[in-house]
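Asker: Fold the stuff below for me.
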Amino acid sequence: MRVLIIDDDKSIRNSTGVALQAAGHRAETADNGQVAILKLREDVYDLTFLDLRLGDEDGLELLDQIRKIQPRLPVVVFTAYASIKTAVSAIQRGAFDYLEKPFTPEQLRQIIARVDKQKKLESKITDLQEQIDLQNPTIELQSSEPRMQEVMDVLFRAAPTQAAILLLGESGTGKSVLAREVHERGNRKEGPFVTVSCPSLSRELLESELFGHVKGAFTGAVRDTWGKVAAAESGTLFLDEIGELPLEIQPKLLRLLQERQYERVGENKNRSSNTRVIAATNKDLKECVRQGTFREDLYYRLDVISVTIPPLRERGGDIENLARGFLRFFSHQLGRGDLTFTTVALEQMRRYEWPGNIRELRNTIERAAILARGHEIGIEHFPRATPQHADHNGTALVGENVTLDELEEAHIRKILGRAPSLDAAAKTLGIDPATLYRKRKRMNL
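Answerer: Alright, predicted model coming up:
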């Protein structure tokens with residue numbers, strides 16, 4: 001590693017440099033803050049040792065400047081004052097660790113080993129993120145449709161603020177993608193982006209998932225657990241399908257939004273939270289408020305910045321660009337970079353209603369890219385009960401050469417695209433919401 005030692009004591013600079021070089025690292029020195037800042041502006045370092053008292057200079061103030069110049073640079077502070085309070089202040093202001101003078105070569109080696117381990121973990125996380133990105137195509141955020149342009153304009157203007165955001169729209173319209181983009185364009189982009197799927201767990205487990213619990217809070221709570229709120233500290237908490245949030249948990253979420261306070265399950269201690277909340281739902285929350293399944297005060301607290309994402313059938317001008325983007329991704333993933341659409345295939349995609357929205361389009365293109373033998377994708381490569389087996393209104397034709405499963409999937413997609421909520425869709429289909437949830441998961445709707 002390339003290490004910068006900032007200390008006004010020449011003997012400390014020399015001894016630390018010798019120990020670092022003996023361990024195979026490259027050491028450079030600075031005897032004051034001005035020299036250190038110049039070096040940091042000109043070069044990139046892997047680690048910095050910083051004395052908290054540089055003559056008349058305040059090491060904590062210099063730490064703040066270092067963090068601005070190289071935010072990801074680990075800084076280990078030297079302190080000769082055996083002051084836990086000073087060390088804690090340094091850690092709170094972004095220092096990686098502290099080393100009390102006088103220190104031994106072994107203590108120095110231990111610190112370097114921890115920094116090295118941290119860097120390897122960060123590198124592994126970066127590699128994993130790249131692998132994940134390779135498995136998921138990026139959805140094109142540019143749009144030629146005025147309604148979608150207006151939605152993105154509102155969201156991206158709100159991104160740098162701390163305001164809660166509510167994303168409304170049908171399933172598969174890209175709400176989670178837009179939520180992450182808001183996070184990336186905001187002031188919390190260096191923090192975590194944590195997702196909670198509200199319909200996925202029972203009320204008890206969802207409350208624990210959100211806020212955490214203490215040992216013994218309920219059957220199976222064998223140890224203390226921190227929830228997603230804590231995991232999203234200094235970042236963004238994305239609550240997907242918030243319209244399914246149980247009524248009993250809603251007051252606790254309201255408190256989190258209003259007071260930035262929460263309690264873990266089974267604990268009476270108030271805890272502070274510094275996280276931004278973005279919520280999404282395909283339900284009509286105003287109707288939920290009227291029906292008494294969603295708190296009015298929580299709705300208005302979430303509705304600070306609210307946008308409705310138009311379904312794909314109302315974004316006809318975007319279908320071709322989205323489809324081509326997906327095709328480029330899957331062609332590259334499959335090692336077939338020369339795949340294109342036939343003119344008929346493009347026309348059919350524009351005519352189809354896409355009740356499953358962008359998610360259905362993505363899945364259709366992936367399947368077609370896998371099945372295509374030549375260089376072109378035609379309507380024969382599309383799934384049955386989608387573009388090739390649709391009438392001019394995009395409706396799957398009963399009596400076509402399709403299976404019952406395919407017909408069922410097409411029907412469910414159509415109902416989900418028109419129903420104001422999952423409950424309403426389940427009622428129309430004549431099944432309970434839990435069964436519909438399982439079918440959606442199986443069909444990837």
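
Asker: Angles on the backbone of residue 76, please.
Answerer: phi -110, psi 120 (degrees, to the nearest 10).

Asker: Verify the contact between it and residue 100 for me.
Answerer: No: here residue 76 lies out of contact with residue 100, judged by CB atoms under 8 Å, at a distance of 11.1 Å. For the C-beta atoms, the positions are set from N, CA and C on the backbone; glycine is no exception.

Asker: So for the two, which sits in the more crowded spot?
Answerer: residue 76 (21 against 14; other CB atoms under 10 Å).

Asker: what's near enough to touch the more buried one?
Answerer: 47, 48, 49, 50, 95, 96, 97, 98, 99, 111, 115 (CB atoms under 8 Å, 6 or more residues apart in numbering).

Asker: So what sits opposite it in the bridge?
Answerer: Using DSSP bridges, the bridge partners assigned to residue 76 are residue 49, residue 97.

Asker: What are the boundaries of the strands in the stretch 251-400 of the chain?
Answerer: 261-262, 271-272, 276-281, 305-308, 340-341, 376-377 (DSSP state E, counting those that start in this stretch).

Asker: Got the phi and psi for the residue nearest the centre of the chain?
Answerer: The centre of the chain sits closest to residue 193, judged by CA atoms, centre = their mean, with a distance of 3.5 Å. Backbone geometry at residue 193, expressed as degrees, to the nearest 10, gives phi -110, psi 110.

Asker: Check the gap between it and residue 75 for me.
Answerer: 26 Å (CB to CB, to the nearest Å).

Asker: Where does the prediction get shaky in the stretch 101-250 of the chain?
Answerer: Counting by pLDDT under 70, the stretch 101-250 of the chain has low-confidence residues at 123, 126-138.

Asker: which residue ranges form the helices in it?
Answerer: Applying DSSP state H, counting those that start in this stretch to the stretch 101-250 of the chain gives helices spanning 105-135, 146-158, 175-185, 203-211, 228-231, 250-259.

Asker: Could you export those helices as TSV, including distance to residue 326 and mean neighbour count?
Answerer: Shown next, in TSV, are the helices of the stretch 101-250 of the chain (distance: least, CB to CB, whole Å; neighbours: other CB atoms under 10 Å):
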stretch	distance to residue 326	mean neighbour count
helix 105-135	13	12
helix 146-158	17	15
helix 175-185	13	19
helix 203-211	32	20
helix 228-231	30	19
helix 250-259	35	16
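
Asker: how about these, which one is nearest residue 275?
Answerer: Each of the helices of the stretch 101-250 of the chain has some distance to residue 275 by CB to CB; the shortest is helix 228-231, at 6.3 Å.

Asker: Pull the distance from that closest one to the chain's centre.
Answerer: Computed by CA atoms, centre = their mean, to the nearest Å, the chain-centroid distance of helix 228-231 equals 13 Å.

Asker: which secondary structure elements does that helix contact?
Answerer: strand 193-197, helix 203-211 (3 or more CB pairs under 8 Å, 6 or more residues apart in numbering; DSSP states H and E).

Asker: Identify all contacting residues around stretch 255-268.
Answerer: Contacts for stretch 255-268 (CB under 8 Å, 6+ apart): 164, 207-208, 211-214, 216-218, 221, 224-227, 229, 252, 269-274, 277, 298, 301-302.

Asker: try it again with 6 Å
Answerer: With CB atoms under 6 Å, 6 or more residues apart in numbering as the test, stretch 255-268 has contacts from 207-208, 211-214, 217, 229, 270-273, 301.
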